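Engineer: For reference, the sequence and a predicted model appear below.
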Amino acid sequence: MNASHHGSRDGSWVALATHRDWLDAEAGRLLRFGAAARDPRGGFAWLDGDGVPDPARGVQLWITTRMAHVFALAHLRGVPGAGPLADHGLAALSGPLRDAEHGGWYPAIPVGDGPQEGRKEAYGHAFVLLAASSLALAGRPGAKGLLAEAAAVFERRFWDDERGWVRESFDRAWTEPEAYLGANANMHAVEAFLAAADATGDGVWRTRALRIAEFFVHQVARAQWWRVPEHFAPNGRILPDYNEDAKDDAFRPYGTTPGHSLEWARLLLNLEAALPDPPDWLADAARWLFVVAVGAAWNRDGRPGFVYTIDGEGRPVVRERMHWVVAEAIAAAAALHRRTGDLVYEHWYRVWWDYAAEHIVDTRHGSWHHELDPGNRPSSTVWSGKPDIYHAYQATLLPQLGLAPTAAAALRARLDGAS
């Protein structure tokens, strides 16, 4: 790796032991909140605003995988009790969430005695692959088998080698593909593929991650003034009016999502650092995605915070502020500062942590408010409760790590080096 890929850390909060102590304390607070999600049915429940499981929502695949990933990371950091919680998630992925008949994983454990329903989604399966990679690197029993199965399912069902992207979803028996291509699922596939490469040692996953980024960022976003369209037809044609009648959808909102541009920016730098001979466009694209997203979404209505979505003309559509966006902004700013040494990114890193501490971090009930209204008051237009600590936890961890390898591999190396 060329030294320039690491950048300078002069003047960085992350270089301060006191700041790292604060990040670690916040990470511990998030873990204590998340531990309450352990569900007797298997996996992890959806938590309400007070941290109480909501049994009516069932056990969601995306929550269980993210929590298993987080607790695997915490175990690698030496947090007592995190290993058993990671194992609880692993058991659900090997048991009630796994479709033993058709392969793959269900989107949820049904409530009561209801039937297993729902599509096999690339989004949830990407998190299965991510969680399995982290669990395997954490040395949890049975994780290597789960990782092998997750990789095989993704390779057989979701990866489109001809086009270089990930198919969106199928029915339970894998016979009916959805007539839709989503940037969000593909973005999280990049994250999962980088983790799988570290966990398996197979570099083909990094090559696939680059192919995804080449289409959605280098080809499409570059031509769209560095906004990443979210919705596509199966042939890759942009669908600008998709979900025009459901503008505030939690997973497929109308328009573009600046928070995803910030997430893409970080992932491009992770990808660059992981590749033996990365193309020059990765770092340039990360900078452009960052600056356009900040200009389009931050403080657009006279109050701090990121608006959730913008339209094709760059105008805010849904003005609510999501916790995950500020978490990804923090991680992107830290990554760009590490990569470039430019103190403008350190400035934003501090601004957004100050904003999170003032408005997002819930010191009374725990975790982070998942949504604020345009006046920065807690709301629930898009999200209710606090089902997810994944984004917030990674915001406390990723700034303390290098751009490569991925978090679990980096923590595994630290643990092995300390032994």
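Structural biologist: Received, thanks.

Engineer: Now A136: closest residue in space, sequence neighbours ignored.
Structural biologist: Residue nearest to A136 in three dimensions, not counting chain neighbours: A143, with 4.2 Å by C-beta to C-beta, 6 or more residues apart in numbering. Heads up, the C-betas are built off the backbone N, CA and C, glycines and all.

Engineer: just H365 next, same as before
Structural biologist: D50 is the one closest to H365 (C-beta to C-beta, 6+ apart), at 5.1 Å.

Engineer: Next, work out how far apart the one you found and W368 are.
Structural biologist: 14 Å (C-beta to C-beta, to the nearest Å).

Engineer: for the chain, what spans make up the strands?
Structural biologist: In the chain, the strands defined using DSSP state E lie at 59-60, 108-109, 120-121, 159-160, 165-166, 169-170, 181-182, 231-232, 321-322, 371-372.

Engineer: Export the ones you listed to TSV and append columns for mean pLDDT and distance to R252.
Structural biologist: Converted to TSV, the strands of the chain look like this (pLDDT from 0 to 100; distance: least, C-beta to C-beta, whole Å):
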stretch	mean pLDDT	distance to R252
strand 59-60	96	16
strand 108-109	94	17
strand 120-121	98	11
strand 159-160	98	19
strand 165-166	98	15
strand 169-170	98	11
strand 181-182	98	7
strand 231-232	98	7
strand 321-322	98	14
strand 371-372	98	17
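
Engineer: shouldn't A108 be in contact with V59?
Structural biologist: Yes - assessed by C-beta atoms under 8 Å, A108 is found in contact with V59 at 6.1 Å.

Engineer: how about the helices in the chain?
Structural biologist: 17-34, 61-76, 82-94, 122-137, 143-153, 183-200, 204-213, 222-223, 258-274, 281-297, 323-340, 343-355, 390-397, 407-418 (DSSP state H).

Engineer: Tell me which of the ones you listed sits nearest to F170.
Structural biologist: Nearest of the helices of the chain to F170, taken as C-beta to C-beta: helix 122-137 at 9.1 Å.

Engineer: Could I have the CA atoms of stretch 332-348 written out in CSV?
Structural biologist: Extracted in CSV, the C-alpha atoms of stretch 332-348 (Å, rounded to 0.1, in the frame of the first residue of the first chain):
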residue,chain,number,x,y,z
ALA,A,332,-16.8,9.1,5.7
ALA,A,333,-15.1,12.3,7.1
ALA,A,334,-12.7,10.2,9.1
ALA,A,335,-11.9,8.0,6.1
LEU,A,336,-11.3,10.9,3.8
HIS,A,337,-9.1,12.6,6.4
ARG,A,338,-7.1,9.5,6.9
ARG,A,339,-6.7,9.1,3.1
THR,A,340,-5.9,12.7,2.2
GLY,A,341,-4.7,14.4,5.4
ASP,A,342,-7.0,17.4,4.4
LEU,A,343,-8.2,19.1,7.6
VAL,A,344,-11.5,20.1,6.0
TYR,A,345,-12.6,16.5,6.7
GLU,A,346,-11.4,16.8,10.3
HIS,A,347,-13.5,19.9,10.6
TRP,A,348,-16.6,18.0,9.4
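
Engineer: average model confidence for that stretch?
Structural biologist: For stretch 332-348, the mean pLDDT works out to 98.

Engineer: Any buried residues in that stretch, and which?
Structural biologist: Under the neighbour-count criterion of 16 or more other C-beta atoms under 10 Å, stretch 332-348 has 332-341, 345-346, 348 buried.

Engineer: same thing with stretch 367-384?
Structural biologist: 367-372, 374, 376, 379, 382-384.

Engineer: Stretch 230-237 now?
Structural biologist: Neighbour-count burial for stretch 230-237 [16+ other C-beta under 10 Å]: 230-232.

Engineer: Same check on stretch 407-417?
Structural biologist: In stretch 407-417, counting by 16+ other C-beta under 10 Å, buried: 407-412, 415.

Engineer: cool, and stretch 304-316?
Structural biologist: Residues 304-310, 314, 316 are the ones in stretch 304-316 that count as buried (16+ other C-beta under 10 Å).

Engineer: will you turn those into a markdown table that also has distance to H19 and pLDDT?
Structural biologist: Converted to a markdown table, the buried residues of stretch 304-316 look like this (distance: C-beta to C-beta, whole Å; pLDDT from 0 to 100):
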| residue | distance to H19 | pLDDT |
| --- | --- | --- |
| P304 | 21 | 97 |
| G305 | 23 | 98 |
| F306 | 22 | 98 |
| V307 | 28 | 98 |
| Y308 | 28 | 98 |
| T309 | 32 | 98 |
| I310 | 32 | 97 |
| G314 | 34 | 92 |
| P316 | 32 | 97 |
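
Engineer: on that earlier part again, turn the buried residues of stretch 367-384 into TSV, including distance to A138.
Structural biologist: Listed next are the buried residues of stretch 367-384 as TSV, based on distance: C-beta to C-beta, whole Å:
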residue	distance to A138
S367	23
W368	24
H369	29
H370	27
E371	31
L372	34
P374	40
N376	37
S379	36
V382	32
W383	29
S384	31
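
Engineer: which two from these end up farthest apart in space?
Structural biologist: S367 and P374 (21.6 Å).

Engineer: Grab the nearest non-local neighbour of D48.
Structural biologist: With C-beta to C-beta, 6+ apart as the criterion, D48 has its nearest non-adjacent residue at 4.2 Å, and that residue is G385.

Engineer: dump the residue contacts of that neighbour.
Structural biologist: Going by C-beta atoms under 8 Å, 6 or more residues apart in numbering, G385 touches 46-49, 54, 370.
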